[in-house]
Structure formats: structure tokens, C-alpha cells
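Trainee: kindly generate the corresponding structure for this input.
(one chain, ligands or ions: 1)
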Amino acid sequence: MRIRVPGDKSISQRALIVAALAEGRSRIAGLLHGGDTESTARALRALGVPVPTIPGDGSEVVLEGVGLDGLRPPNGRLDLGNSGTGARLLMGAVSGIEVEARFDGDTSLRGRPMGRVIRPLRALGARVDAVETPDRLPIVVRGRAGLSPLEWESPIASAQVKSAILLAGLTGRTRVAVIEPWVSRDHTERMLRVVGAPVSSRKTESGWRVELQESQGRIDPLDLSVPGDFSSAAFVLALSALGAAGGEVTVERVGLNPTRTGFLDVLRRMGADVRVDDRTLDDTSEPVGDVVVRPGVLKGTEVVAAEVPGLIDELPLVAVLGACADGEVRISGASELRAKESDRIATVTKGLTGLGVAVEELEDGLVVQGVPGRTLRGFVEVHHDHRIAMAFSVLGAATGRAIRIDDRAVSDVSFPGFHELLTRVAGDRD
Ligand code: S3P
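Mentor: All right, here's what the predicted structure looks like:
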């Protein structure tokens, strides 16, 4: 079976923001038409950018950029819904412009830590104030033209923090450097290089260093075709590995950025048969290819801290795969999971426990004892978290179709059409 998944969420969000700040007309095909991109598009419109409606079929969008100084003060608050990427990256972009904006989001986003972006943005010279609860949305950003140079050592590997700082450096016309303990996804760096911003990165003794030199005051428009989202593909690949797709599955034209594909290594270690056919074209900044997975007998594995940034969003899926593996799946060094759309360590532990799976919750991860071939039955609360909903839906499809979840629609945040695809891939094989 050959399938495609919707456009990459991280790249779609960045494409909208970068195209908005560019001078001239960007053309972007394959944008994700999901809850998070809708939120970012809406916020950009409120900031005066003429972002057209994002089509549901991935057809090309033409976006006329307003330039690095072109964002305008919004009339009301900027509601970023569920999107941590949209909120944090836009807070960065606004910081270097003479604009005041109040950022807000849904209950999940209001609960997520924002101190990690507030601190560097203040150090750059923007005024950033949490108005109700320290380090949480709602937050008012009062940007300033001409920020101070910054060298920021981040204790966590976070692409959102790194990107917020880079975008602030870009609009605030200053030099910024971010040092992370491990490399986080590098879509922002790749995209900024394509549009002519002077970004470089290298490994150093203290970690991974990304630098933006003071820019010339403008960036070029984008001409981009967004690849399929590897994080969405992962759910389909897992179905295939578990034998729930009735055979081999190929996910076509999916993004294969090496900072994102750690899940393939884990799948291989667990015994799945994984093949990658690279299709990258010379003129794209992001590697793209087809991934083929065949069913296998899965066994336990261990995921440690250094690997975590490369599969951070796939860890709930690795944990539920653990329930079907022969042996133990141990994930550690992943306390960042507690800062996602839900506390993913707690929600996965609770979900699996409720299904009768033996799980040990760790401060920074979890340990799952698998039993292959068992029917799993029960009800799972997904805490409004799209990836938790999809991970347990995959588990249900592979273990007897007796798992119910409380919120199926939440998968639209990143993967519209997920349930239809699940039915198509695994549906008629009872
Ligand atoms: C994202 C970065 C990651 C990831 C999130 C998307 C991005 O978050 O979990 O789903 O687009 O930059 P962190 O930067 O908080 O690690």
C-alpha cells in the first residue's frame, strides 16, 4: 500500500512566518491544513499580513510578504490556539519590531512553559511580560527595533526556543548565537539560509552552536513544496511494523531531515524491516524520500537522552509500541515530554495502565513491559493531545480494536484525515 501524509507542521509554520517577513511574493505548496497552521495563519493576518486561506488539498499558496519591519499592531489578542511553535516563533519575530502584541492560546498552551523564550527575548532587549501567571500565556510582547546582540546557552535542546531567538535576531537586526546541548530540528536554519539570511551552525565543545550574523535588512521570498510530515508518517509506519496494515506500507514524499528521523533507528532496533528510498532533489533545502516498512516481530529497546531531540514527538508512539513488543521499552532523558501539549509521560503512563499494560513512570521517561499478541481493551483519556490520541488509535488498531479514546477530533491539529487513513490502512482486516 502506498500513501501520503499531510504537509510537515514545523515546516508549514515556518514557511508562513518566513514568507510573511520576506520582501516579495512567496509560493508555497503542500502546506498543512491543520489546526496549528490555521492558528499561525490567523495570527499573521491579525499582524497585517495578507495570508490567503490555506487550501485543504495542498495546492499552491501565494503570499505577499510585508518585509522585516512590516508587521502591524494587532487589534485584539493573538490567539495561537494549541500551537506552541506558532506562539514561540511569533513572539520572537515580534520582539524585533516596534509592535505590541498580546499572545494567548487554548488551555493546553496556557499551561506550557514560556520562560524559556521570555528570558532570551528580554536579554535581547524586548519587553516581554506574562500578565496573569509567571512564565505562562497570556504574554504581552513589546518589540523594539534594533535589539542587542545575544549569545544564549539553552539548557534544553528546543527548536522553538532556538527559532524564536533567530527570528528575533532577524527582525531586530542583530547577531545572535544559540548553543544547545544536542541538535534540535533545524528547519528554521535551513529555510533562513534559502532566503538569504546569514545563518551557520557547528558542533562545539559546549554543544551545538547556531549563529545568525547581523542581516542586511531583507530576506527573499520562498519557493517551496512542503514535504509530508515525518511525525505523521510515523503513525502509519508503526501500524505497518505492528502488522496491522496487512503487509508492506510505503509513505511517499515524506520529510527526512536527519534531525527528525530518530524514530526509524528505534523501529529498526525493535526489529522492524525499514527501507528508505531517498528522492531528494538538488534544489530543495530539506531531504525528502519514500519510507517502506514491513511487519516484523518487535522486541524491546532503550531510548536515551542524546537520541531524544531526534524523535521527541514520536516518543508516545514508541511507548505504545512497547506494549506490543517482546521485552521492555525504556525511555529516559525525556523530561521535555512533560512540557508538551499534555504531560506526555503522565498521559501515556495512565493510558497504558488503564489498558492493563505494565508501565513504570520515571521522572524523565517511562518503562513499558510488552506482551506480544495480546488484545488490549479499555478507555483512554488523551488530554486534548493530538499525538496521544493518534498513538492510542494505532495501538487499538493493532491489538483487537477494543480501545476507545475520548477525543478523536484532536488529531486535526497536525493530521487532518488521520482516522480515515487509519480505516483505509488498517480498517478492513478484522
Ligand atoms: C517543534 C519543536 C519541538 C516539537 C514540536 C514542534 C517546532 O518542540 O516537539 O512539536 O516546530 O519547532 P520543542 O522546541 O519545544 O522541543
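Trainee: please tell me how far residue 390 sits from residue 31.
Mentor: 20 Å (CB to CB, to the nearest Å). (Each C-beta comes from the backbone N, C-alpha and C, glycine too.)
Trainee: the stretch 1-150 of the chain against the ligand: which residues are in contact?
Mentor: 10, 85 (CB under 6 Å from any ligand atom).
Trainee: and the strands in the stretch 1-150 of the chain?
Mentor: In the stretch 1-150 of the chain, the segments counted as strands under DSSP state E, counting those that start in this stretch are 2-3, 25-29, 61-64, 78-79, 100-104, 127-130, 139-142, 150-153.
Trainee: from those, which stretch is densest packed?
Mentor: strand 78-79 (a mean of 23; mean count of other CB atoms under 10 Å).
Trainee: show me what that strand is packed against.
Mentor: Under the contact criterion of 3 or more CB pairs under 8 Å, 6 or more residues apart in numbering; DSSP states H and E, strand 78-79 touches helix 35-46, strand 100-104.
Trainee: give me every residue that touches the spatially closest residue to residue 273 that is not a sequence neighbour.
Mentor: If the residues on either side of it in the chain are set aside, residue 273 comes closest to residue 294, at 4.0 Å by CB to CB, 6 or more residues apart in numbering. By CB atoms under 8 Å, 6 or more residues apart in numbering, the contact set of residue 294 is 240-241, 247-248, 272-273.
Trainee: narrow these to those in strands?
Mentor: residue 273 (DSSP state E).
Trainee: contacts for the helix or strand where residue 251 lies, please.
Mentor: Following DSSP states H and E, one finds residue 251 within strand 249-255. Strand 249-255 is touched from outside by 1-5, 8, 11, 227-230, 233, 236-237, 239-240, 279, 286-293, 425, with contacts defined as CB under 8 Å, 6+ apart.
Trainee: can you name the residues that contact the nearest residue to residue 67 once chain neighbours are set aside?
Mentor: Among residues not flanking residue 67 along the chain, residue 23 sits closest, at 4.9 Å (CB to CB, 6+ apart). Residue 23 makes contact with 65, 67-68, 218-221, according to CB under 8 Å, 6+ apart.
Trainee: pLDDT at residue 23, what is it?
Mentor: Per-residue pLDDT puts residue 23 at 97.
Trainee: again, but for the one 5 residues further on
Mentor: Confidence at residue 28, expressed as pLDDT, is 97.
Trainee: is it true that it touches residue 59?
Mentor: No. Residue 28 lies out of contact with residue 59 (CB atoms under 8 Å); the separation is 10.2 Å.
Trainee: what stretches of the stretch 301-430 of the chain score poorly on pLDDT?
Mentor: Along the stretch 301-430 of the chain, segments meeting pLDDT under 70 span 428-430.
Trainee: how many residues are close by the closest residue to residue 201 other than its chain neighbours?
Mentor: Excluding the flanking residues, the one nearest residue 201 by CB to CB, 6+ apart is residue 210, at 4.4 Å. Residue 210 has 24 neighbours, counted by other CB atoms under 10 Å.
Trainee: residue 210 touches residue 177, doesn't it?
Mentor: Yes. If you go by CB under 8 Å, residue 210 and residue 177 touch, sitting 6.9 Å apart.
Trainee: what touches both of these two?
Mentor: With CB under 8 Å, 6+ apart, residue 210 and residue 177 have no common neighbours.
Trainee: in the stretch 1-150 of the chain, what residue lies closest to the ligand?
Mentor: residue 10 (3.3 Å; CB to the nearest ligand atom).
Trainee: identify the residues contacting stretch 36-51?
Mentor: With CB under 8 Å, 6+ apart as the criterion, stretch 36-51 contacts 9, 12-13, 16-17, 20, 31, 54, 63-66, 70-72, 74-76, 78-83, 85-86, 89-90, 94, 99, 101, 105, 413-414.
Trainee: give me the distance from that stretch to the chain's centre.
Mentor: 18 Å (CA atoms, centre = their mean, to the nearest Å).
Trainee: equivalent analysis for stretch 347-359, please.
Mentor: So, by CA atoms, centre = their mean, the centroid of stretch 347-359 is 24 Å from its chain's centroid.
Trainee: and for stretch 95-115?
Mentor: With CA atoms, centre = their mean, you get 17 Å for stretch 95-115.
Trainee: give the rounded mean pLDDT of that stretch.
Mentor: For stretch 95-115, the mean confidence score works out to 97.
Trainee: for residue 38, the count of nearby residues, please.
Mentor: Neighbours of residue 38 (other CB under 10 Å): 18.
Trainee: re earlier: list just the one of the strands of the stretch 1-150 of the chain that sits closest to residue 325.
Mentor: strand 2-3 (24.0 Å; CB to CB).
Trainee: which parts of the host helix or strand of residue 345 are buried?
Mentor: Using DSSP H and E, residue 345 maps to helix 344-354. Using 16 or more other CB atoms under 10 Å as the test for burial, helix 344-354 gives 344-345, 347-352.
Trainee: who touches that helix?
Mentor: Taking CB under 8 Å, 6+ apart as the rule, helix 344-354 contacts 315-316, 319-320, 323, 334-335, 337-338, 359, 361-362, 364-366, 368, 378-383, 385, 387-388, 391-392.
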